[in-house]
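Give me coordinates for this.
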Amino acid sequence: MDEKIVITGTGAITAVGHSTRETWENIINGVSGAGPITQFDASEFLVNVACEVKDFDPAEHIERREVRRRDRYQQFAAVAVKEALAESGLEITPENAGGIGVILSSAIGGLGTLEENVKMILESGPRKVSPFMIPMLMSNGAAGLVGIDYGAKGPAFSVASACASGQDGIGMAWMMLKSGMIDVAITGASEATVTPVGVAAFDRLRATSRAASDEPAPRPFDKNRDGLVVGEGSGILVLEKESHAKARDAEILAELAGYSATADAFHITAPSEDGSGGSAAMVRALEVAGVNPDEVGYISAHGTATPLNDKSETLAIKSAFGETAYNIPISSTKSMTGHMMGATGAVETVLCVQAVRENVAPPTINYETPDPDCDLDYVPNQARQTPIDVAISNAFGFGGHNAVVVVRKYDG
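Residues are numbered from 1 along each chain as shown. The predicted structure is shown next:
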């Protein structure tokens, strides 16, 4: 019998909370994480708003000696992993360490570290570069550090597929568990791209909102949407074989029932106009999970608030679900967390776990003006109590990457 893969722990740190519970409570209450950029002087930028993690002191979570040796994205990962492991009750010992993998992704890695050290070279010369620069900027750095912190000796690596990185990392972990290669996976993603280069580069692509700090942004699926808001944070899941979780009497939060990924093979930054790649990923993920389209109670949309993404994702959902698409609550929690790049799908999967456990569909805030091209049920502005036995989470990335995971209420 094909063994279920279950979720026994979650962790999150986002623009609206320093834990899964705080993030979830603020999400279902429609709290925006957007605000003026504080991490650097953005006065000369056309973009002045970001979804920053607020009041974050890494020394509360990491030894002070280690703080300066870790990029901000690695610090976020440490916080979310600590929470997820605590909730799971998993104890890593020399006896089980080889069966515990760490698949912890980042699309970009330590961008802030890279920027700081390039500036140092230009201003003070190469001898001033930090000896910790390479491990701090590596996209696999967070995965390696988690293995070191907790003694996990199974496979440890990062997946880089742009904004689908977190979802694909979770999918890789799911497949490795299914194959029997590992018994447990600490998986998810972390990102910290609220930096001068990060914000400027996305703006040069005309992908970011230029709304003022007192204007609603981002506005997914709204007719007047004008782009994404850069966010940061981390989302982590502890995945286990069902038999392993039961053997240690762990509380099972939900089942990770399926995963699929496709490529648009269309354009390096634009999604396929007809949404065919995203549709194929959703269809296949449901098939893998053994779920019928009418069983899906909630879709966590990629929902970036860019004109192209929201239109193509709407078409993709219609193609995958047919007329059923009009009956499914859909929302973009990026309207509150911002776009956390590689981490965004991982955080949204954590939120899907909460959605199936509490039967609540999060809202899409800042939704004011319907768009004829986006005519589905986007749960505007207020969370909704509704039966959710199955939720899917979409993550689409530059390069034409599409990744979808299926979260199902646990019935064991």
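
tell me the contacts of residue 55?
residue 18 (Cβ atoms under 8 Å, 6 or more residues apart in numbering). Just so you know, the C-beta spots here come from the backbone N, C-alpha and C atoms, and that holds for glycine as well.

Mind listing the residues bridging to residue 36?
residue 49 (DSSP bridges).

pLDDT at it, what is it?
Looking at residue 36, its pLDDT is 97.

With residue 279 instead?
98.

was I right about it contacting residue 316?
Yes - Residue 279 lies in contact with residue 316 (Cβ atoms under 8 Å); the separation is 4.2 Å.

Look at the two and report which has more neighbours.
Taking neighbours as other Cβ atoms under 10 Å, residue 279 and residue 316 compare with residue 316 leading, 29 against 23.

Domain-wise, how is this structure divided?
5-247, 257-407 (automatic domain parsing).

Can you give me the end-to-end span of the first one?
With Cα to Cα, to the nearest Å as the measure, the ends of domain 5-247 fall 14 Å from one another.

and if you look at the last one?
End-to-end distance of domain 257-407 (Cα to Cα): 6 Å.

just stretch 56-67 next, same as before
One end of stretch 56-67 sits 12 Å from the other (Cα to Cα).

In the protein, what helix or strand scores lowest on average pLDDT?
Least confident helix or strand of the chain, by mean pLDDT, DSSP states H and E, is helix 64-67 with a mean of 92.

list the helices and strands the next helix or strand after that helix packs on?
In the C-terminal direction, the helix or strand that comes right after helix 64-67 (DSSP states H and E) is helix 72-88. Applying 3 or more Cβ pairs under 8 Å, 6 or more residues apart in numbering; DSSP states H and E, we find helix 72-88 packed against strand 5-13, helix 111-124, helix 141-150, strand 184-192, strand 232-241.

mind checking how far residue 215 is from residue 32?
Applying Cβ to Cβ, to the nearest Å, the value for residue 215 to residue 32 is 11 Å.

most tightly surrounded among the helices and strands packed on helix 72-88?
strand 184-192 (a mean of 34; mean count of other Cβ atoms under 10 Å).

Convert that one to PDB, retaining C-alpha atoms only.
Extracted C-alpha coordinates of strand 184-192, given in PDB (Å, rounded to 0.1, in the frame of the first residue of the first chain):
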ATOM      1  CA  VAL A 184      11.500  12.600   7.800                       C
ATOM      2  CA  ALA A 185      12.100  15.800   5.900                       C
ATOM      3  CA  ILE A 186      12.500  19.300   7.200                       C
ATOM      4  CA  THR A 187      11.500  21.300   4.200                       C
ATOM      5  CA  GLY A 188      10.300  24.700   2.900                       C
ATOM      6  CA  ALA A 189      12.100  27.800   1.900                       C
ATOM      7  CA  SER A 190      13.500  31.200   3.100                       C
ATOM      8  CA  GLU A 191      14.200  34.500   1.400                       C
ATOM      9  CA  ALA A 192      15.300  38.000   2.100                       C
END
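
from the middle of its chain, how far away would it be?
Strand 184-192 sits 9 Å away from the centroid of its parent chain (Cα atoms, centre = their mean, to the nearest Å).

Give the other helices and strands that it contacts.
When contacts are defined as 3+ Cβ pairs under 8 Å, 6+ apart, strand 184-192 sits against helix 72-88, strand 100-105, helix 141-150, helix 165-179, strand 232-241, helix 344-358.

please redo it, this time with the cut-off set to 10 Å
Secondary-structure packing of strand 184-192 (3 or more Cβ pairs under 10 Å, 6 or more residues apart in numbering; DSSP states H and E): strand 5-13, helix 72-88, strand 100-105, helix 111-124, helix 141-150, helix 165-179, strand 232-241, helix 344-358.

what mean pLDDT would you report for stretch 176-193?
Taken as a whole, stretch 176-193 has a mean pLDDT of 98.

cool, stretch 208-224 as well?
For stretch 208-224, mean pLDDT is 95.

Can you list the buried residues in that stretch?
By 16 or more other Cβ atoms under 10 Å, the buried positions in stretch 208-224 come out as 208, 209, 211, 216, 217, 218, 219, 220, 221, 222.

next one: stretch 11-25
By 16+ other Cβ under 10 Å, the buried positions in stretch 11-25 come out as 11, 12, 13, 14, 15, 16, 17, 18, 19, 20, 23, 24.
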